[in-house]
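S.K.: show me how the following folds:
(chains A, B, C and D)
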Number of protein chains: 2
Amino acid sequence: MQMQGTAKPLVLVVDDEPAQRALLSYNLKAAGFRVATAGDGEEAMLAIAEDAPDVILLDWMLPRLSGLEACRQIKASAGGRQSAVIMVSARSEEADRVRGLETGADDYIVKPYSVAELIARVKANLRRVRPAATGAVLEAGDIRLDTESYRVTRAGKSLHLGPTEFRLLAALMERQGKVWTREALLDRVWGRDIYIDTRTVDVHIGRLRKALCTHGDPDPIRTVRGAGYAMG
Amino acid sequence: MQMQGTAKPLVLVVDDEPAQRALLSYNLKAAGFRVATAGDGEEAMLAIAEDAPDVILLDWMLPRLSGLEACRQIKASAGGRQSAVIMVSARSEEADRVRGLETGADDYIVKPYSVAELIARVKANLRRVRPAATGAVLEAGDIRLDTESYRVTRAGKSLHLGPTEFRLLAALMERQGKVWTREALLDRVWGRDIYIDTRTVDVHIGRLRKALCTHGDPDPIRTVRGAGYAMG
DNA sequence: CGGCGATATGACGGTTCGGTGACAACGGTT
DNA sequence: AACCGTTGTCACCGAACCGTCATATCGCCG
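M.R.: Numbers count the residues shown, from 1 in each chain, chains lettered A, B, ... in the order given. Okay, the predicted model is just below:
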């Protein structure tokens, strides 16, 4: 498996049947994902708060908190908005599909589904949520970052970045405009449970800027005082 | 559905049957979208180059350039990557769906589809492409405040605010019309257990006003004598 | 109109915050 | 061993920002 910027994508499986969870976990792990599981909507919210997943597979029928309501809550929460939600349901009625999608779900799969299609849909949704994890080429202005070949160019000219600066740039480019706090960047770029001075981020931002502006180009990174950094 | 400020989303319909194009155009326009059409893959590429659509409905069976190949080209082109591609196909085989998704399509709809579901899917995909419409943005009159990118604009012009002024404005905008006492603002903006002269709020309101009115715009903040401040 | 309390504003010192150069530690390579 | 690129930390500086005060202005009341 190629070194892809950051850690493997995380998929959260929400289903009340342990057998289903096990089945999905197995197949998703085989496809190269990290997997978390939850048995109902409340567990799901906890899991999301703990570690925001990239994709959430949400069963329609759940005890206590229905899948639909869980979806609404997820999309209303701060952490959940950046996850893709795929509703999984035995209800093939078109009206249900429409309702699911209108509630904020990003996709809708009808049981019985094939594992291959499910994986394909997870990947399709992942492409949008975390392009860098899928071997995509990110673009921002005249900067191109190829997560597969590990190469960065600006205005056609190739740039040399260290691994950390590369991942930092990838994170910033993944969601242009979004302001990342130093803590969020440490989480995403350096790793979840690592303990490093937040000021270190500043230093790396500085190094990244120097690398990006070697040819006199304007600085593409925006500093937001009291908040963090953003691209564009 | 709120279409705040920005133009209506553009949907490109690619189908070789004029009747299909007409049907889809009609329904999409009725749902509030702008619509462009193309009869084959090459026309589609031209249309994309001319005006990048937000969502592309791509028929699987196309003359000359197949839908699958067209999808590949779209996703490989610079402009196409920021559009969502929905494959529309009569082929319900699961293998086809997987192929479509793996080629880079964002979604896959099987004919015959219901118009309601198609619209729902278009909207769901639109949410992804244009995250601006997802609610991280506060608006009041001609003032826009984006809590994710920490950007504030008035009548399109970008403004510069300090962190405290930003939070102050966000608080005021969050509940337009509500009159905040100085104490409440201190709590909300500065922090719960901090002790600061309430007059300081006045100063920051003043600074905020100055920033908001640099271009001679009217003052959007209302002073309520003896009570506090309010927006609008 | 005059007075009084409340609010607006300009100025100022202190503090915090971010940028940057220097440096030592580390691992890999020659 | 010597070298090299990378990385995390620190110290220092300048600039932005903040809170306070003094003063000017406003709005309401008699």
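S.K.: so where's chain A uncertain?
M.R.: Where chain A drops to pLDDT under 70, the residues are A:1-7, A:78-80, A:135.
S.K.: output the set of residues of it in proximity to DNA strand D.
M.R.: A:160, A:162-165, A:190, A:196-197, A:199-200, A:203-204, A:207, A:225-226 (CB under 7 Å from any atom of the strand). From N, CA and C alone the C-beta is placed, and that goes for glycine too.
S.K.: make it 10 Å
M.R.: By CB under 10 Å from any atom of the strand, the residues of chain A that approach DNA strand D are A:160-168, A:186, A:189-191, A:194-204, A:206-208, A:211, A:223-226.
S.K.: just the buried residues from those residues, in PyMOL please.
M.R.: To isolate the buried ones among the residues of chain A next to DNA strand D in PyMOL, judged by 16 or more other CB atoms under 10 Å in any protein chain shown, type:
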select buried, chain A and resi 161+165+166+167+168+186+189+190+201+204+208+211+224
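S.K.: quick one, what contacts the residue of chain A found nearest DNA strand D?
M.R.: As assessed by CB to the nearest atom of the strand, DNA strand D sits closest to A:Gly162 within chain A, at 2.7 Å. The neighbours of A:Gly162, taking CB atoms under 8 Å, 6 or more residues apart in numbering or on different chains as the test, are A:Arg207.
S.K.: that one and chain B, how far apart?
M.R.: 27 Å (CB to the nearest CB, to the nearest Å).
S.K.: which strand residues bridge the residue of chain A found nearest DNA strand C?
M.R.: Proximity of chain A to DNA strand C (CB to the nearest atom of the strand) peaks at A:Thr223, 3.6 Å away. Judged by DSSP bridges, the bridge partners of A:Thr223 are A:Tyr229.
S.K.: hmm, A:Tyr229 and it touching each other?
M.R.: Yes. Counting by CB atoms under 8 Å, A:Thr223 touches A:Tyr229, with 5.9 Å between them.
S.K.: give the residues shared as contacts by those two.
M.R.: Common contacts of A:Thr223 and A:Tyr229, defined by CB under 8 Å, 6+ apart, comprise A:Ile205.
S.K.: sec struct for the closest residue to chain B within chain A, please.
M.R.: For chain A, the residue closest to chain B is A:Gly226, as judged by CB to the nearest CB, at 3.2 Å. Using DSSP: H, G, I helix; E, B strand; the rest coil, the structure places A:Gly226 in coil.
S.K.: any figure for the gap between it and B:Ala90?
M.R.: Computed as CB to CB, to the nearest Å, the A:Gly226 to B:Ala90 distance reads 55 Å.
S.K.: for A:Met45, which non-adjacent residue is closest in space?
M.R.: A:Gln73 (6.4 Å; CB to CB, 6 or more residues apart in numbering or on different chains).
S.K.: tell me how many other residues crowd the one you found.
M.R.: 17 (other CB atoms under 10 Å in any protein chain shown).
S.K.: and the contacts of the host helix or strand of it?
M.R.: Assigned by DSSP states H and E, A:Gln73 belongs to helix A:67-76. Residues outside helix A:67-76 that contact it (CB under 8 Å, 6+ apart): A:14, A:41, A:44-45, A:48, A:56, A:58-62, A:65, A:80-81, A:83, A:85, A:87, A:89, A:99-100, A:103-105.
S.K.: same question, stretch A:43-51
M.R.: Contacts of stretch A:43-51 (CB under 8 Å, 6+ apart): A:10, A:12, A:14, A:36-38, A:53, A:56, A:58, A:70, A:73-74, A:77, A:79-80, A:83, A:192.
S.K.: buried among those residues? Make that a ChimeraX selection.
M.R.: Listed next is the ChimeraX selection for buried residues among those, using 16+ other CB under 10 Å:
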select /A:10,12,14,36,37,38,53,56,58,70,73,74,80,83
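S.K.: mind listing which of the contacts of stretch A:43-51 are in helices?
M.R.: In helices, defined here by DSSP state H, the members of these are A:70, A:73-74.
S.K.: tell me the one of those nearest A:Gly177?
M.R.: A:Ile74 (22.3 Å; CB to CB).
S.K.: for the residue of chain A closest to chain B, give me phi and psi.
M.R.: phi 80, psi 0 (degrees, to the nearest 10).
S.K.: can you redo the ones in helices among the contacts of stretch A:43-51 as TSV with distance to B:Tyr150?
M.R.: Below are the ones in helices among the contacts of stretch A:43-51 laid out as TSV (distance: CB to CB, whole Å):
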residue	distance to B:Tyr150
A:Ala70	30
A:Gln73	26
A:Ile74	24
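S.K.: closest to A:Gly32 among the residues you listed?
M.R.: Nearest member of the ones in helices among the contacts of stretch A:43-51 to A:Gly32, counting by CB to CB, is A:Ile74, at 23.7 Å.
S.K.: any idea how far the closest one lies from A:Ile48?
M.R.: 6 Å.
S.K.: spell out which parts of chain A neighbour DNA strand C.
M.R.: A:181-182, A:198-210, A:213, A:219, A:221-229.
S.K.: what is the neighbour count of A:Ser158?
M.R.: Here the number of neighbours of A:Ser158 (other CB under 10 Å) works out to 9.
S.K.: does it touch A:Arg151 like I think?
M.R.: Yes. The criterion here is CB under 8 Å, and A:Ser158 meets it with A:Arg151 at 6.8 Å.
S.K.: just give me the neighbour total for A:Arg72.
M.R.: Neighbour tally, A:Arg72, other CB under 10 Å: 17.
S.K.: pop the domain breakdown of chain A in here.
M.R.: Split into domains by automatic domain parsing, chain A comes to A:10-133, A:136-231.
S.K.: export those domains to TSV and tack on distance to B:Leu145?
M.R.: Converted to TSV, those look like this (distance: least, CB to CB, whole Å):
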stretch	distance to B:Leu145
domain A:10-133	16
domain A:136-231	13
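S.K.: for B:Val122, find the nearest of the ones you listed.
M.R.: Each of these has some distance to B:Val122 by CB to CB; the shortest is domain A:10-133, at 9.5 Å.
S.K.: please identify the deepest-packed of the domains of chain A.
M.R.: domain A:10-133 (a mean of 19; mean count of other CB atoms under 10 Å in any protein chain shown).
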